[in-house]
Each structure stands twice: as C-alpha cells, then as structure tokens.
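>>> Show me the folded form of this:
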Amino acid sequence: MADQKPVVVYFTQTCPWCHRAKEYLTQKGIVFKEIDVGKDREQAKEMIAKSGQMGVPVITIGDAVVVGFNQGKIDELLNLKPSAPPNPA
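The predicted structure is shown next:
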C-alpha cells in the first residue's frame, strides 16, 4: 500500500491484546512499526503523551490514536473492509 498511513503499535511482551492487534495488522497486510514500551521508558512516555493512557496496546494510525485493540476503528482508519464473521459450525 503506497498510500498507507504510518502505523505504530505500542506494546508489551506480556499483553495478549497487543499480540492480537499485531496479528490482525499482519493478516491484513499492513506494515507497522513495533515499539515495546516495556523495554523503552522514553517511548512509553511518548505513548502516554499521545494517548493519555498507560495501558497497551496503543496504536497510532497517521494522527489518530486507537487505545486497545479496536478492530472496527482500525478498519475505518485504514479503509479496510471489515472481516466477515466466522461461519457457524
């Protein structure tokens, strides 16, 4: 995607929602930068300044900030088609 907005995922190694968010972006073919705020205090301060939150994941898409793994908001900001619900068994 040549015109994709820059995407950054602030995460920690122990956060299951962070892993889900990164997996989702990868499945959608979205290129993103990963910042482990558990290892980088300066980046953690930057994340808090941008989001007003200490929890992760925090995902920035262009100038927009998404707190938590909000798939609908991510789809909207990246102009992605929503994922189809799983077929019932």
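>>> Do a quick rundown of the strands in the protein.
If DSSP state E is used as the criterion, the strands of the chain fall at 7-11, 33-36, 58-61, 64-67.
>>> quick one: the third one to chain centroid distance?
Read it as strand 58-61. Relative to its chain's centre, strand 58-61 lies at 5 Å (Cα atoms, centre = their mean, to the nearest Å).
>>> helices or strands up against it?
Contacts of strand 58-61 with other secondary structure elements, assessed using 3 or more Cβ pairs under 8 Å, 6 or more residues apart in numbering; DSSP states H and E, are made with strand 7-11, helix 41-51, strand 64-67, helix 71-77. Placement of C-beta: from N, CA and C, glycine included.
>>> Now do the second one and strand 7-11, the angle between them.
So that's helix 41-51. Per axes from the mean of the first three to the mean of the last three Cα atoms, to 10 degrees, the angle that helix 41-51 makes with strand 7-11 is 120 degrees.
>>> Grab the most central residue of this structure for me.
Centrality entry for the chain: nearest residue to the mean C-alpha point is I59, 3.5 Å, by Cα atoms, centre = their mean.
>>> residue contacts, K81?
Contacts here follow Cβ atoms under 8 Å, 6 or more residues apart in numbering; on that basis K81 touches D75.
>>> so how far is Q71 from it?
With distances defined as Cβ to Cβ, to the nearest Å, the gap from K81 to Q71 amounts to 12 Å.
>>> Equivalent analysis for L78, please.
Applying Cβ to Cβ, one obtains 11 Å for the distance of L78 from Q71.
>>> Present the helices and strands packed on strand 58-61 as JSON lines; the columns should include distance to K22, mean neighbour count and mean pLDDT.
Shown next, in JSON lines, are the helices and strands packed on strand 58-61 (distance: least, Cβ to Cβ, whole Å; neighbours: other Cβ atoms under 10 Å; pLDDT from 0 to 100):
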{"stretch": "strand 7-11", "distance to K22": "6", "mean neighbour count": "22", "mean pLDDT": "97"}
{"stretch": "helix 41-51", "distance to K22": "15", "mean neighbour count": "15", "mean pLDDT": "95"}
{"stretch": "strand 64-67", "distance to K22": "13", "mean neighbour count": "17", "mean pLDDT": "96"}
{"stretch": "helix 71-77", "distance to K22": "11", "mean neighbour count": "16", "mean pLDDT": "94"}
